[in-house]
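1. I would like the atomic coordinates for the input below:
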Amino acid sequence: MRPFERFARQSSSQIVRIATREVETRGLSTGLWTDLYHHAMTVPWPAFFAWAAFVFLVLNGVFATLYGLGDKPVANVQSESFLQFFFFSIETLATVGYGDMHPQTDYGHVVATVEIFTGMSFLAVMTGLVFARFSRPKARFVFAQKAVVTSYMRRQTLMIRVANARQNTISGATAKLWLIRKEQLPEGQTLRRYYELTLERQENPIFAFSWTIFHVIDEFSPFADHTPQQLAESEGVLLLTVSGFDESSAQQLWARQSYPHQDIHWQHHYADITSWTEGRMILDYEKFHDVVPDTISDPDGASVPEPVHEQA
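-> Got it, this is the predicted structure:
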């Protein structure tokens with residue numbers, strides 16, 4: 001293998017993080033120019049503006065060099081220096097035009113025409129990218145840091161609590177919960193299987209404050225006869241997705257949260273965040289992530305949690 005081919009193969013590798021697992025992909029074309037729009041939309045804001053400033057300076061440097069190749073193409077230039085042409089290029093590219101310096105030869109007008117067209121195109125692209133990044137819908141859903149498995153209505157139940165941090169109205173909210181685990185086939189192959197878990201109520205007509213997702217672990221559940229140790233051996237992960245229509249921004253919102261097996265607390269329940277005072281419901285989000293062991297016993301001796309508020 002030639003050195004260039006070896007470098008090209010190595011440079012195509014990429015690290016992708018899914019839940020708590022890091023996956024290295026190889027052999028795919030992941031260069032900057034193959035998906036420029038995606039990179040522009042996903043890089044952090046400081047990197048985005050840094051790249052924009054870099055392109056702006058490079059363009060002005062190129063046109064300043066072109067002006068310098070002509071014979072006095074710009075009038076009222078103090079000196080035929082690169083810096084003077086660079087400042088004139090900035091004025092032209094930004095379509096500012098203070099009026100003191102201007103093209104005075106055919107060559108200068110041709111270069112200025114090309115630069116003005118380039119500047120208008122660059123401004124249009126930047127305006128579109130900035131607007132797209134600002135207007136991109138983003139949900140402010142808060143997911144409980146831990147999932148719990150507890151007794152609810154005398155049935156073993158998996159629970160995950162979600163909150164709407166904006167506290168506005170999310171209409172037609174929908175939740176889907178998946179179990180991802182590693183399984184070995186009789187042929188010896190190892191696969192990662194996806195199981196959609198049946199929820200007691202997967203739709204919420206008005207999601208404004210908090211919402212507890214319930215999955216009953218019955219004989220049809222992938223969790224049936226599953227212990228924490230077995231879940232750890234299969235590298236089990238829960239994946240919860242929540243979507244809904246934001247009435248404030250008139251946009252569809254999506255959010256997801258993953259729970260590896262070590263973040264699933266068995267025989268625990270969520271601390272109650274609701275209380276009442278003077279006829280008013282109080283929601284204490286400082287206790288939103290708190291989980292406590294099941295310690296209350298019913299007359300039959302079974303361990304049961306405190307009351308659970310599904311929707312506040």
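
2. Downstream of the longest helix anywhere in the chain, the next helix or strand is which one?
-> Using DSSP state H, we find that the single longest helix of the chain is helix 106-135. Counting by DSSP states H and E, the next helix or strand C-terminal to helix 106-135 is strand 141-143.

3. in its sheet, what does that following strand sit against?
-> Strand 141-143 has the following sheet partners, assigned by DSSP bridges: strand 155-164 (antiparallel).

4. Give me the residues contacting the strand it pairs with.
-> Residues outside strand 155-164 that contact it (Cβ atoms under 8 Å, 6 or more residues apart in numbering): 140-144, 147-152, 170, 175, 177, 197, 200, 207-218, 223, 238, 240, 242, 257, 259, 264, 269-270, 285, 288, 308. Just so you know, the C-beta spots here come from the backbone N, C-alpha and C atoms, and that holds for glycine as well.

5. care to break this protein down by domain?
-> Following automatic domain parsing, the chain resolves into domains at 31-135, 141-304.

6. tell me the mean pLDDT for the first one?
-> Which is domain 31-135. The average pLDDT within domain 31-135 is 90.

7. same thing with the longest one?
-> Predicted confidence along domain 141-304 averages 89 (mean pLDDT).

8. follow-up on the earlier one: can you flag the buried ones in the contacts of strand 155-164?
-> Among these, those buried by neighbour count (16 or more other Cβ atoms under 10 Å) are 141-144, 147-152, 170, 175, 177, 197, 207-217, 223, 238, 240, 242, 257, 259, 264, 269-270, 288, 308.

9. sorry, back to before: as JSON lines, the domains of the chain with distance to residue 13 would be great.
-> Below are those laid out as JSON lines (distance: least, Cβ to Cβ, whole Å):
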{"stretch": "domain 31-135", "distance to residue 13": "12"}
{"stretch": "domain 141-304", "distance to residue 13": "21"}
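
10. in whatever helix or strand residue 50 lives in, what's buried?
-> Using DSSP H and E, residue 50 falls within helix 45-69. Neighbour counts over helix 45-69 (16+ other Cβ under 10 Å) mark 48, 52, 56, 59, 60, 63, 64, 66, 67 as buried.

11. tell me the two of those residues that are most distant?
-> Across the buried residues of helix 45-69, no pair lies farther apart than 48 and 67, at 29.1 Å, counting by Cβ to Cβ.

12. List the pairing partners of the top strand by length along the chain within its sheet, with orientation.
-> Using DSSP state E to define each element, the chain has its longest strand at strand 170-184. Using DSSP bridges, strand 170-184 pairs in its sheet with strand 190-197 (antiparallel), strand 203-207 (antiparallel), strand 237-246 (antiparallel).

13. what comes into contact with the first one?
-> Contacts of strand 190-197 from elsewhere in the structure, counted by Cβ under 8 Å, 6+ apart, are 158, 176-185, 215, 221-223.

14. Likewise for the last one?
-> Here strand 237-246 makes contact (Cβ under 8 Å, 6+ apart) with 19-21, 137, 139, 141, 143, 147, 158, 160, 162, 166, 168, 170-181, 204, 207, 213, 251-261, 264.

15. picking up where we left off before, which helices and strands does the longest helix of the chain pack with?
-> For helix 106-135, the packing partners by 3 or more Cβ pairs under 8 Å, 6 or more residues apart in numbering; DSSP states H and E come out as helix 36-42, helix 45-69, helix 82-93, strand 102-103.

16. Can you lay out the ones you listed as a markdown table showing distance to residue 274?
-> A markdown table is the format used below for the helices and strands packed on helix 106-135 (distance: least, Cβ to Cβ, whole Å):
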| stretch | distance to residue 274 |
| --- | --- |
| helix 36-42 | 39 |
| helix 45-69 | 38 |
| helix 82-93 | 59 |
| strand 102-103 | 71 |
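
17. Residue 75: which of the ones you listed is closest?
-> strand 102-103 (5.5 Å).

18. quick check, distance from that closest one to the centre of its chain.
-> On the basis of Cα atoms, centre = their mean, to the nearest Å, strand 102-103 sits 47 Å off its chain's mean C-alpha point.

19. swap in stretch 217-233?
-> Taking Cα atoms, centre = their mean, one finds stretch 217-233 lying 30 Å from the centre of the chain it belongs to.

20. cool, stretch 35-45 as well?
-> 12 Å.

21. Which residues are in contact with the nearest residue to residue 149 once chain neighbours are set aside?
-> Once flanking residues are discounted, residue 149 sits nearest to residue 266: 4.6 Å by Cβ to Cβ, 6 or more residues apart in numbering. For residue 266, the contacting residues are 148, 149, 228, by Cβ under 8 Å, 6+ apart.

22. Touching, the second one and residue 265? I think so.
-> Yes. In this structure, residue 149 sits in contact with residue 265. The criterion is Cβ atoms under 8 Å, and the distance is 7.2 Å.
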